[in-house]
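**Q** Task: produce atomic coordinates for the following.
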Amino acid sequence: MMFVLGVVLFALGITASVALHEAGHMWTAQKLGMKVRRYYIGFGPRIFSFRRGETEYGLKALPAGGFCDIAGMTALDELAPDEYDRAMYKQKTWKRLVVMSGGIAMNFLIGIVLVYALAVSSGLPNTETRAVVGTVGCAAPTQAGEEGGYAPAECEGIGPAQAAGIQPGDVIVAVGDTRVETFGQLVQATQPLSGTVDFTVERDDETLTFPVAIQQVQRWVYESDDPDAEPVSREVGAIGVGGEPRVLEYTPLSAVPATFEFTGYLAARTAEALVQLPSKVSDLWTAVTGGERAVDTPVSVVGASVIGGQFAEAGIWQSFVLLLAQLNFFLGAFNLLPLLPLDGGHMAVAIYERLRNWVRNLRGLADGPPVDYMKLLPLTYVAVVVGGAYMLLTLTADIVNPIKLL
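**A** This next block holds a predicted model:
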């Protein structure tokens, strides 16, 4: 039941995001004096509509998006007599760019609001990947098995790292001659050791070296990369340090800079995902033809909703909200691509016209005519066909071989 509820809620979240994207175009166009003829949520048969002012608002049967009909978006658009001077393609370049970026900005704003709400309510994932020391103390001599949740035994006193002078906030960059970049690599490099070993740390702007006496303890470790392998009990080396919390909590005030910092992290991941889209075709085809579905392959609206249902069923609502935020960042970034019929394509046309007219004016010539969209149709068709085929492949993979995170 919770799975179905999660799927429905996530689908509604996507629908609301798309509706607000189109609303971003509508509101900016109206504020800048352009005429918005229609604003609809969904496609297909009309369920209901009403008119307020010069704009018709409505809902259609298929909640798979929406559209905003702005008079004169291109020179190909047929105009009524009262629309001629207000046609979008006749407006100043900055006005056209504001309107076309209004939807993109709305997606980014939705993502930021969701991240801030998550930061205040339950905290944000710790994105620090370096081997940052979160805590120092004793090294537990033993570790419980599966029935005990692999919890370390209680212990008291000062541990090896603390005795050597390592402090919380230090970044461990080397264990002996072995460079480490993550906390997991730190653990792997330390466990086979015994005796006294030099640990290199970065503290503020200094690089310091501390000789640490490795303590031998009992731990459950994995000796194989096989995902089905069971952990085994072994005597390994430990120094009594813990990493930073996986989730960082914030007050409403401290959540503000944390939100923008985390948004920057998501922006970098989104850019990487966009660059990798072409290379994921083979992985999607493998998934469709019966191979293993990698968790980092693209997902459609259906796939994202299914993952949202999985999070809801497991009660991981933080991941549910974070996924919706990530989707909005991706939609905003994707629409920035300078390809028609995306928003970025229309923005590229407006910028081209402005630069062309600037050059013409320097030569003493009048502004040139609007770009002939008929000449751009072949490129538009290519983008639509390629993009449609990619979406169909992704949708098929989500139906026949969906991603299972839990």
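**Q** Now do the same contact list for residue 61.
**A** Residues near residue 61 by C-beta atoms under 8 Å, 6 or more residues apart in numbering: 42-47. Using the backbone N, CA and C atoms, a C-beta is placed for each residue, glycine as well.
**Q** Repeat the analysis, applying 7 Å as the threshold.
**A** When contacts are counted by C-beta atoms under 7 Å, 6 or more residues apart in numbering, residue 61 is found next to 42, 44-45, 47.
**Q** what does residue 42 give?
**A** Residue 42 neighbours (C-beta under 7 Å, 6+ apart): 59-64, 66.
**Q** can you list those residues in CSV and add distance to residue 219 and pLDDT?
**A** Formatted as CSV, these follow (distance: C-beta to C-beta, whole Å; pLDDT from 0 to 100):
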residue, distance to residue 219, pLDDT
59, 59, 90
60, 59, 89
61, 58, 84
62, 55, 79
63, 51, 73
64, 51, 69
66, 54, 84
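**Q** Residue 134 is in contact with residue 244, correct?
**A** Yes. In this structure residue 244 lies within contact range of residue 134 using C-beta atoms under 7 Å: 3.9 Å.
**Q** So those two - more neighbours on which side?
**A** Counted by other C-beta atoms under 10 Å, residue 244 and residue 134 do not tie: residue 244 has more neighbours, with 17 against 14.
**Q** which residues does the more buried one contact?
**A** Contact analysis of residue 244 by C-beta under 7 Å, 6+ apart lists 126, 128, 132, 134.
**Q** which SS class is the second one?
**A** Taken by DSSP: H, G, I helix; E, B strand; the rest coil, the conformation at residue 128 corresponds to coil.
**Q** can you check the last one too?
**A** Following three-state DSSP, residue 134 is assigned to strand.
**Q** So it is in contact with residue 242, correct?
**A** Yes. The criterion here is C-beta under 7 Å, and residue 134 meets it with residue 242 at 5.1 Å.
**Q** re earlier: could you identify the least confident member of the contacts of residue 244?
**A** Minimum pLDDT for the contacts of residue 244 is recorded at residue 128 (80).
**Q** related to what we said a few turns ago, any idea which of the contacts of residue 244 is closest to residue 290?
**A** Lowest distance from residue 290 to the contacts of residue 244 (C-beta to C-beta) belongs to residue 126, with 37.2 Å.
**Q** which helices and strands sit right next to whatever helix or strand residue 117 lives in?
**A** Here residue 117, judged by DSSP states H and E, is contained in helix 93-121. Here helix 93-121 touches helix 2-31, helix 255-276, helix 317-334, helix 343-362, going by 3 or more C-beta pairs under 7 Å, 6 or more residues apart in numbering; DSSP states H and E.
**Q** Figure out how far it is from the centre of its chain.
**A** With C-alpha atoms, centre = their mean, to the nearest Å as the basis, helix 93-121 stands 14 Å off its chain's centre.
**Q** hmm, back to that, most neighbours out of the contacts of residue 42, which is it?
**A** residue 66 leads the contacts of residue 42 on contacts (other C-beta under 10 Å) with 21 neighbours.
**Q** ok, that one to residue 128 distance?
**A** According to C-beta to C-beta, to the nearest Å, residue 66 stands 39 Å off from residue 128.
**Q** Stretch 224-242 - what's its average pLDDT?
**A** According to the model, stretch 224-242 has a mean pLDDT of 85.
**Q** Restricting to C-alpha, output it in CSV.
**A** Coordinates of each C-alpha in stretch 224-242 appear next as CSV, following Å, rounded to 0.1, in the frame of the first residue of the first chain:
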residue,chain,number,x,y,z
SER,A,224,35.8,-10.9,-1.1
ASP,A,225,34.3,-8.5,-3.5
ASP,A,226,31.4,-10.9,-4.1
PRO,A,227,28.2,-9.1,-3.2
ASP,A,228,26.8,-12.4,-1.7
ALA,A,229,29.9,-13.0,0.4
GLU,A,230,29.4,-13.1,4.2
PRO,A,231,31.7,-11.2,6.7
VAL,A,232,34.2,-13.2,8.7
SER,A,233,35.7,-12.5,12.1
ARG,A,234,39.4,-11.5,12.0
GLU,A,235,42.0,-9.7,14.2
VAL,A,236,42.8,-6.4,12.5
GLY,A,237,44.5,-3.1,13.3
ALA,A,238,42.5,-0.1,14.6
ILE,A,239,43.4,3.4,15.9
GLY,A,240,40.1,4.6,17.5
VAL,A,241,38.8,7.2,15.1
GLY,A,242,35.3,7.6,13.6
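**Q** Give the buried residues for that stretch.
**A** 236-241 (16 or more other C-beta atoms under 10 Å).
**Q** next one: stretch 98-116
**A** Neighbour-count burial for stretch 98-116 [16+ other C-beta under 10 Å]: 98-104, 106-108, 110-112, 114-116.
**Q** again, but for stretch 303-321
**A** Quick answer for stretch 303-321 (16+ other C-beta under 10 Å): 303-313, 316-321.
**Q** for stretch 330-342, same thing?
**A** For stretch 330-342, by 16+ other C-beta under 10 Å, it's 330-336, 339-340, 342.
**Q** for stretch 75-93, same thing?
**A** 75, 77, 79, 83, 86-91, 93.
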